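In: sequence and predicted structure below; questions after.
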Amino acid sequence: METKIKDITGAEITVTDLKEAVRQCRECLASPYLMPSGHTVGENHAYMLRQLLALQRRKREQGRHCLLYTSPSPRD
């Protein structure tokens, strides 16, 4: 499943592997390096991680909702 999120500067990021993207963001949360925008890399990854975790929650919730179709009984 390919989806798009935004980084802290508003740039669009394409996510092709949600689980791997979450792992990478968690790995970089403590990075103190400054980006040209003035934000740290860690702040940027925290910003993106919030979006990724929300996507994971929605994906899990969608899996819980299923429609059950039953045909009408011949007695009806």
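Out: Received, thanks. Numbers count the residues shown, from 1 in each chain.

In: now do the helix-or-strand element of the chain with minimal mean pLDDT: which elements does it pack against?
Out: The helix or strand of the chain with the poorest confidence is helix 41-64; it has a mean of 93 (mean pLDDT, DSSP states H and E). Secondary-structure packing of helix 41-64 (3 or more Cβ pairs under 8 Å, 6 or more residues apart in numbering; DSSP states H and E): strand 3-6, strand 12-15, helix 18-27. C-beta: built from backbone N, CA, C; applies to glycine.

In: try it again with 7 Å
Out: Where contact means 3 or more Cβ pairs under 7 Å, 6 or more residues apart in numbering; DSSP states H and E, helix 41-64 is packed against strand 3-6, helix 18-27.

In: and the gap between the residue nearest the centre of the chain and residue 33?
Out: Centroid check for the chain by Cα atoms, centre = their mean gives residue 52 as the closest residue, at 2.0 Å. Residue 52 sits 20 Å away from residue 33, going by Cβ to Cβ, to the nearest Å.

In: residue 34 - how many residues pack around it?
Out: Look at residue 34: counted by other Cβ atoms under 10 Å, it has 11 neighbours.

In: tell me who's in contact with the nearest residue to it once chain neighbours are set aside.
Out: The shortest distance from residue 34 to any non-neighbouring residue, by Cβ to Cβ, 6 or more residues apart in numbering, is to residue 40 (5.9 Å). Contact analysis of residue 40 by Cβ atoms under 7 Å, 6 or more residues apart in numbering lists 31, 32, 33, 34.

In: mind redoing it with 10 Å?
Out: Residues near residue 40 by Cβ atoms under 10 Å, 6 or more residues apart in numbering: 8, 28, 29, 30, 31, 32, 33, 34, 46.
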